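[1] Would you be able to build a 3D model of this:
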Amino acid sequence: MAEYNYDSFSSDDYDFDASKGPRIGDRAPDFELTTASGERRRLLDFDAELLVVELGSITCPLFQTRRPQMSALDAFDDRVQSVILYVREAHPGEDIPRHGTLEDKSACARRLTEEDGETRLILVDDIEGSAHQAYGGMPNAVYVVNRQGCVVFKADWNNPSATQAAVRSLLDGRPARAKSYFRPASPAVSIHTLRRAGRGSALDFFRSLPVLIWNNLVKRNLRTLFGRPPVAALDTTC
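    Predicted coordinates for the structure are as follows:
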């Protein structure tokens, strides 16, 4: 098995054909995590009616593209709390390499707040990626969890418009039926993110780009178009 914190990105590090992690209607795994400021906190310790958990890292162009729209979820409705689960670096490079220690990981998470202006609570996974792997292992997945601790919406690749539509439906008392189509990262954000990561990051990304396009923009979106995923409601129990 390849080491969790890889030195360089490869499409082989991910299974794009299988959806892993808890399914809709399953109980969401809970973990004790560290905030970017060093405090201990449980993932599912929240007071709102819905918890939105987005997975991401500072070197993930998809996550960086979606941040502005996702950050607005906290102001979307006071019944919603939105957090980031900080995972391994998606595209490590010379300047932002793989995490060697938990402090390395926490330092990258703090940069999201200090340099990028992220306002959501950031919860840092452990160095082995225990929470990340329990939630499917994808670099920018999203989960919506209700007060009963049940997954009521998920997407292996976060599409903020679909996530907001799902949250709106749930709060309105309707099942979340939004289909989360894969949307590519912004080219400008991608270039900035990979340059920031440093030498090696962009080369590894563009080497895998044809595979990423075929598996996600084509195959995954076709499965989403013709698929009928299970749905859940705000009061779903598990």
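[2] Next, the buried residues of the helix or strand of the chain with the lowest mean pLDDT.
    One helix or strand of the chain scores below all others by mean pLDDT, DSSP states H and E: helix 73-76, with a mean of 73. Neighbour counts over helix 73-76 (16 or more other Cβ atoms under 10 Å) mark L73, D74 as buried. Backbone N, C-alpha and C define where each C-beta goes, glycine included.
[3] Geometric centre of the chain: which residue is closest?
    L55 (2.2 Å; Cα atoms, centre = their mean).
[4] related to what we said a few turns ago, who touches the least confident helix or strand of the chain?
    V52, V80, Q81, S82, T119, R120, T163, Q164, V167 (Cβ atoms under 8 Å, 6 or more residues apart in numbering).
[5] One more: stretch 206-218?
    F9, S10, S11, F16, D17, W157, F182, P184.
[6] List the buried residues for it?
    For stretch 206-218, by 16+ other Cβ under 10 Å, it's S208, L212, N215, N216.
[7] Switch the residues you listed over to JSON lines; also include secondary structure and distance to T236.
    Formatted as JSON lines, these follow (DSSP: H, G, I helix; E, B strand; the rest coil; distance: Cβ to Cβ, whole Å):
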{"residue": "S208", "secondary structure": "helix", "distance to T236": "37"}
{"residue": "L212", "secondary structure": "helix", "distance to T236": "33"}
{"residue": "N215", "secondary structure": "helix", "distance to T236": "30"}
{"residue": "N216", "secondary structure": "helix", "distance to T236": "28"}
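[8] In JSON lines, list those along with distance to M70.
    Listed next are the buried residues of stretch 206-218 as JSON lines, based on distance: Cβ to Cβ, whole Å:
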{"residue": "S208", "distance to M70": "24"}
{"residue": "L212", "distance to M70": "21"}
{"residue": "N215", "distance to M70": "23"}
{"residue": "N216", "distance to M70": "19"}
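[9] Now the residue lying farthest from the centre of the chain: closest residue in space, sequence neighbours ignored.
    The C-alpha centroid of the chain is most remote from G173, which lies 25.1 Å away (Cα atoms, centre = their mean). With sequence-adjacent residues excluded and distances taken as Cβ to Cβ, 6 or more residues apart in numbering, G173 is closest to L234, at 6.6 Å.
[10] part of a strand, is S106?
    No - secondary structure of S106 (DSSP: H, G, I helix; E, B strand; the rest coil): helix, not part of a strand.
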